[in-house]
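>>> mind looking at a prediction? Sequence and model below.
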Amino acid sequence: MIMHSDNTGTDMCIKYAGPDKVRAFIASAGLKNTMVPESTRVFFGYLLAAKNYQTFSWSDIGSAASLPIVNSPLNKVETLASSADDFVSYYSRALHGEFFQHKETLNEFRRILSLGDAIWLLPMPIGVRAFCKGGSIDVSGFHAICAPGGMFVANRWVYFCLTINWTAKAETDPATVAAFAAAGSKALTLAKQALSA
């Protein structure tokens with residue numbers, strides 16, 4: 001789910017745990033600006049303004065692939081959203097095991113986050129140990145990229161959340177994505193240089 005941004009994997013995990021338990025965990029961690037939908041299927045069903053969005057299936061999503069997005073991804077009904085503060089709070093604790101009962105689980109969590117494609121898409125500075133999970137959405141009129149995580153450099157931890165939301169009519173906007181990646185890479189490189197001095 002984390003390594004490949006697999007929406008079906010996300011849905012299986014949410015269904016197994018239960019969306020209310022996921023929300024209860026978020027609340028118990030003090031993440032007050034983080035929202036998750038019932039499932040990513042329901043989320044996309046709502047974006048498409050499907051009458052039956054609460055029971056929208058993956059088959060329905062496949063059939064609706066050419067339909068326009070009607071509702072904004074950032075909304076008050078079914079959304080995936082968080083704040084930079086919440087992401088930094090989460091990763092500054094999760095990367096040290098606060099939410100895990102066993103060191104083996106923490107090791108696996110770190111291993112998977114060290115393989116995330118956001119690490120080479122930014123790219124991260126050479127010589128740091130990076131742990132990051134990126135996410136994005138592109139629909140006509142709305143775009144978002146988020147790359148939160150942590151990096152270990154010069155025997156110090158740095159926690160970050162690089163994020164941007166913007167409007168553009170096209171369904172893709174490679175120029176803005178490239179500018180975001182370059183700015184994010186520069187910011188993390190400057191942090192590394194400051195800590196290594």
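Happy to help now that I have it.
>>> closest to the centroid, which residue in this structure?
Geometric centre of the chain, nearest residue: Gly135, 4.0 Å, by C-alpha atoms, centre = their mean.
>>> let me know the helix or strand that Met151 is in.
For Met151, the host element (DSSP states H and E) is strand 142-153.
>>> what's that strand packed up against?
helix 84-94, strand 129-132, strand 135-139, strand 156-166, helix 174-196 (3 or more C-beta pairs under 8 Å, 6 or more residues apart in numbering; DSSP states H and E). (Each C-beta comes from the backbone N, C-alpha and C, glycine too.)
>>> try it again with 10 Å
In terms of contacts (3 or more C-beta pairs under 10 Å, 6 or more residues apart in numbering; DSSP states H and E), strand 142-153 is packed against helix 84-94, helix 103-113, helix 117-121, strand 129-132, strand 135-139, strand 156-166, helix 174-196.
>>> now stretch 26-38: buried residues?
For stretch 26-38, the buried set under the neighbour-count rule, 16 or more other C-beta atoms under 10 Å, comprises 26, 29, 31, 34, 36-38.
>>> narrow these to those in helices?
Ile26 (DSSP state H).
>>> farthest-apart pair in the buried residues of stretch 26-38, please.
Ala29 and Glu38 (19.8 Å; C-beta to C-beta).
>>> how close does the closest residue to Thr40 other than its chain neighbours get to Phe142?
Counting by C-beta to C-beta, 6 or more residues apart in numbering, Asn7 is the residue found nearest to Thr40 once chain neighbours are left out, at 4.3 Å. The spacing between Asn7 and Phe142, counted by C-beta to C-beta, to the nearest Å, is 18 Å.
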